[in-house]
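In: Here is a sequence together with a model predicted from it:
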Number of protein chains: 2
Amino acid sequence: MKTILIVGDGMADRPLKELGGRTPLEAAETPNLDAVAAGGVCGIMDIIAPGRPPGSDVANLTLLGYDPLECYRGRGALEAMGAGLAVRRGDVAFRGNFAHVDDDEVVVDRRAGRIDGSVFGEHLSGIRLDAYPDVEVTVRPTLAHRLAVILRGEGLSWRVSDIDPHKTGVRVLRSRPLDGTAEAERTAAIVNELYRVLREMLRSHPLNKRREEEGLPPANAVILRGAGEPPAVTPLTDLYGVRGACVAVTPTVRGACLAAGFDLYDAPGATGGVDTDAVSKAREAERILPRYDLVFLHVKGTDVASHDGDPELKVRVIEKIDGMVRHLLDHVGPAETYLAVTADHTTSIRVRDHRGDPVPVAILGPEVRADGVSSYSERACAGGGLGRIRGKDLMPILLNLQDRVALYGS
Amino acid sequence: MKTILIVGDGMADRPLKELGGRTPLEAAETPNLDAVAAGGVCGIMDIIAPGRPPGSDVANLTLLGYDPLECYRGRGALEAMGAGLAVRRGDVAFRGNFAHVDDDEVVVDRRAGRIDGSVFGEHLSGIRLDAYPDVEVTVRPTLAHRLAVILRGEGLSWRVSDIDPHKTGVRVLRSRPLDGTAEAERTAAIVNELYRVLREMLRSHPLNKRREEEGLPPANAVILRGAGEPPAVTPLTDLYGVRGACVAVTPTVRGACLAAGFDLYDAPGATGGVDTDAVSKAREAERILPRYDLVFLHVKGTDVASHDGDPELKVRVIEKIDGMVRHLLDHVGPAETYLAVTADHTTSIRVRDHRGDPVPVAILGPEVRADGVSSYSERACAGGGLGRIRGKDLMPILLNLQDRVALYGS
């Protein structure tokens, strides 16, 4: 028995005036999503708990079956792992940007003109902090102006605040400990020292001098955010003997799946944006399915459209997901495969951010107790046979249908 | 106000091909169960949590209102208590079989030809282990080839593995500690020594010599499983002042009810099998009801039919339960009595084992908020007014309807 779990990032929404009081899922033409609902068992799901909006990191760990209140250790490590870096338990990792700051450390451009940070590649390897000789520092450009930083050594903690102020016109922040431990205090000091060292190096870097001559903003600072350790989870392979694979572009999703013990796959034309080739992802899932028990298939575009506040675009991306589901319905045997469709959170088009409203979920497959729900949406699924479940319950529900969950008791 | 809680063991199921895509509850003719649903409030229930299959021991403790993750201490003590043995807190009890093993300790017959173990009765009392003189050992044959073993003394633990390999053709296992405590290590060593001592005694026992002469498999070993201490629970009598009674044959169910402070009753013709006289159990419940507030009425046959993989048989046992419910509807005043019907878990006919799919529940009685559900089944009840609840919540719901649950806060 196999399972494909399709996650439309931020796909759920609230009723929108622009769509005549419908949600984007209700407004979109989705005959294939509706077929999953009609043949399957449906419900609504609170990722964390009713009214609690999850971040993407928390949401994806939860969909993988982990209790976010127990396992969550920040986003940085997930992101770095998802970008292909090795992060060990005890390491603390950060997301970061190459930024342009002025002489008073005020942020002028958080992305330094969307510089391609890889130009600094060789100059950033082998960074050492004289004040912390026992801490190993990795600074690795990832995509465009983005980078990952990993600190390795004894006595580190992820409970430190961002130095990225998340806006321009204000000074870079100093990292502070977020709890009372000596480890958090030490790590915050290391982050502040690392900022200083990188600032010195970049300020006088020949590449930046050249950029200034060309009238481009120099990438003269690195601002960090999202400190994190790897989540405190046991791979699903170990817990349930399930062989899992992930088809996703988004680094955080890939990192969460990696933590769960999944293999990572790319699909040609999958971009992580609204222009993604969703059917290509379905083809990739179909291709690898013989080797796996569970494929986690993630589409980011719905969230991108939501953060952009564009209802029509969100409807179009949902229709792309519908096409992806059509491919799976046509090509993957429904007698041996469960198809589950959900969202990792509600993203409100109006507020352009995640919200704590529940998400719809539908599971189609050989032994589900199909209910009378006939279309896939937030409201239609609320009447389904799953009732209202929690995010961390979805994975046990799917694995129970695969007969993989051991009895508690005897 | 009185309550009768009817538990069909493993009564819930998944849709079955053999029944045209219906579950056994959907396929059975159940006008009386349907009347409970139609007049009552319905829902579905996850005994532990969605997707988590419970063992029988865990399930019954949960239906009695206890949190299984907090109170569960293994099956052995429940089973021994249910068989009428006194088990104290701190004792460790086991289920066991008289078995036939060869000279290499390979299990030839896990039931030694279904020997009546009571023939050894007097020879098994007063067993002492020279290596553990402070440990009191009770070995008591129960039914047919089955027995209970109780260890009493300081420093024992239930966290030890079975020596019963649960199949033939392999060697008897050595008990191992399941956690890092000295108590578990010591208890495992005691179990292994007890195996050796009983093996010596039985190997040369005159009764076994006679069996061999008669061509019968000798019962030359005792294989133990399911180590357990009494569950860590406070009787419902103390918690809610409720006088409880149990009408059940299955030792584990009786043991769980005993732990909850209930009195135990037998009904003539109740067998614990598919041939049980369910109406006789209803009559017994009716007879004792004046002296109790709550009667826990358990029917095992549905689970037996499920483990046998026989859909038609399961349907027939469900129809027996329907007859039992008819008797109660006819003879117990619905103005003063709540009737609740549920299952302790889903048992899948296809896999012949417990599964984590939710079970239906319906509660009929004077003050329930009756909903529009008109039949009793997994799917129909999913649309009911109880929504989706947890197993440990059912008992407070029932006792709240009896006005027995104290305010939390003021």
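Out: Received it, and whenever you're ready, just let me know what you need. As the structure is a prediction and not an experimental result, all values here were calculated from the model. Residues are numbered from 1 along each chain as shown, chains lettered A, B, ... in the order given.
In: mind listing the strands for the stretch 1-150 of chain A?
Out: A:2-8, A:41-46, A:92-101, A:107-109, A:136-141, A:146-152 (DSSP state E, counting those that start in this stretch).
In: Show me which residues of the shortest one are buried.
Out: Taking 16 or more other C-beta atoms under 10 Å in any protein chain shown as the basis for neighbour counts, the residues of strand A:107-109 that come out buried are A:V107, A:D109. From N, CA and C alone the C-beta is placed, and that goes for glycine too.
In: Please list the outside residues in contact with it.
Out: Outside of strand A:107-109, the residues within contact range by C-beta atoms under 8 Å, 6 or more residues apart in numbering or on different chains are A:99-102, A:165, A:167-172, A:217, A:223.
In: buried subset of those residues?
Out: Among these, the ones that count as buried by 16+ other C-beta under 10 Å are A:A99, A:H100, A:V101, A:P165, A:V172, A:P217, A:I223.
In: In this structure A:G272 contacts A:D303, no?
Out: No - the pair A:G272 / A:D303 is not scored as a contact, 9.8 Å apart, by C-beta atoms under 8 Å.
In: okay, the two: which has more neighbours?
Out: Applying other C-beta atoms under 10 Å in any protein chain shown to A:G272 and A:D303 shows that A:D303 carries more neighbours, namely 24 against 19.
In: surely A:T276 meets A:A270?
Out: Yes - judged on C-beta under 8 Å, A:T276 makes contact with A:A270 at a distance of 5.2 Å.
In: Can you check which residues contact both of the two?
Out: Taking C-beta under 8 Å, 6+ apart as the contact rule, A:T276 and A:A270 both touch A:V249.
In: any chance you could map the helices in the stretch 151-300 of chain A?
Out: Assigned by DSSP state H, counting those that start in this stretch, the stretch 151-300 of chain A shows helices spanning A:182-203, A:206-213, A:236-240, A:251-259, A:278-288.
In: how distant is the longest one from the center of its chain?
Out: The offset between the C-alpha centroid of helix A:182-203 and the centroid of the whole chain comes to 26 Å, using C-alpha atoms, centre = their mean, to the nearest Å.
In: Buried residues in that helix, which are they?
Out: Residues of helix A:182-203 classed as buried by neighbour count (16+ other C-beta under 10 Å): A:183-195, A:197-199, A:201-202.
In: name the helices or strands packed onto that helix?
Out: Helix A:182-203 is packed against strand A:92-101, strand A:146-152, strand A:221-228, with contacts defined by 3 or more C-beta pairs under 8 Å, 6 or more residues apart in numbering or on different chains; DSSP states H and E.
In: Tell me the strands beside the first one, with direction?
Out: Note on strand A:92-101: by DSSP bridges, its sheet partners are strand A:107-109 (antiparallel), strand A:146-152 (antiparallel), strand A:221-228 (antiparallel).
In: Now tabulate those strands in TSV and tack on mean pLDDT and distance to B:S348.
Out: Listed next are those as TSV, based on pLDDT from 0 to 100; distance: least, C-beta to C-beta, whole Å:
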stretch	mean pLDDT	distance to B:S348
strand A:107-109	96	59
strand A:146-152	95	46
strand A:221-228	97	40
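In: Determine which stretch of those strands is the most buried.
Out: Neighbour counts (mean count of other C-beta atoms under 10 Å in any protein chain shown) averaged over each of the strands paired with strand A:92-101 peak at strand A:221-228, with a mean of 25.
In: Bridge partners for A:L5, pull those for me.
Out: Beta-bridge pairing of A:L5 under DSSP bridges involves A:F296, A:A340.
In: wait, isn't it in contact with A:Y292?
Out: No - counting by C-beta under 8 Å, A:L5 does not reach A:Y292; the two are 11.5 Å apart.
In: Of those two, which one has the most company?
Out: Taking other C-beta under 10 Å, A:L5 and A:Y292 do not tie; A:L5 has more neighbours (24 against 20).
In: And the pLDDT for the more buried one?
Out: On pLDDT, A:L5 comes in at 98.
In: so what's it up against?
Out: Contacts of A:L5 by C-beta under 8 Å, 6+ apart are A:L63, A:L294, A:V295, A:F296, A:L297, A:A340, A:T342, A:L394, A:L398.
In: give me that answer again for 7 Å
Out: Listed by C-beta atoms under 7 Å, 6 or more residues apart in numbering or on different chains, the contact partners of A:L5 are A:L294, A:F296, A:L297, A:A340, A:L398.
In: What of A:L398?
Out: Counted by C-beta under 7 Å, 6+ apart, A:L398 has contacts A:T3, A:L5, A:Y338, A:A340.
In: ok so, going back, mind picking the two most distant members of the buried ones among the contacts of strand A:107-109?
Out: Using C-beta to C-beta, the buried ones among the contacts of strand A:107-109 span at most 16.7 Å, a distance reached by A:P165 and A:P217.
In: How about the residues of chain A by chain B?
Out: A:367, A:369, A:371, A:385, A:387-389, A:393, A:396-397, A:399-400, A:403, A:405, A:407-410 (C-beta under 7 Å from any C-beta of the partner chain).
In: so how far is chain B from A:A93?
Out: According to C-beta to the nearest C-beta, to the nearest Å, A:A93 and chain B sit 32 Å apart.
In: That residue bridge partners, please.
Out: Under the criterion used (DSSP bridges), A:A93 bridges to A:I150, A:G228.
In: Counting neighbours, which of the residues of chain A next to chain B end up buried?
Out: A:367, A:369, A:371, A:385, A:387-389, A:393, A:396-397, A:399-400, A:405, A:407-410.
In: Please narrow those to those residing in strands.
Out: Among those, the ones falling in strands (DSSP state E) are A:G387, A:R388, A:I389.
In: lowest average confidence, helix or strand, in chain A?
Out: Here the helix or strand of chain A ranked lowest by mean pLDDT, DSSP states H and E is helix A:121-124, holding a mean of 77.
In: which residues sit in contact with the residue lying closest to A:E229 once chain neighbours are set aside?
Out: Excluding the flanking residues, the one nearest A:E229 by C-beta to C-beta, 6 or more residues apart in numbering or on different chains is A:R73, at 4.1 Å. A:R73 sits next to A:W158, A:G228, A:E229, A:P230, A:P231, A:A232 when contact means C-beta under 7 Å, 6+ apart.
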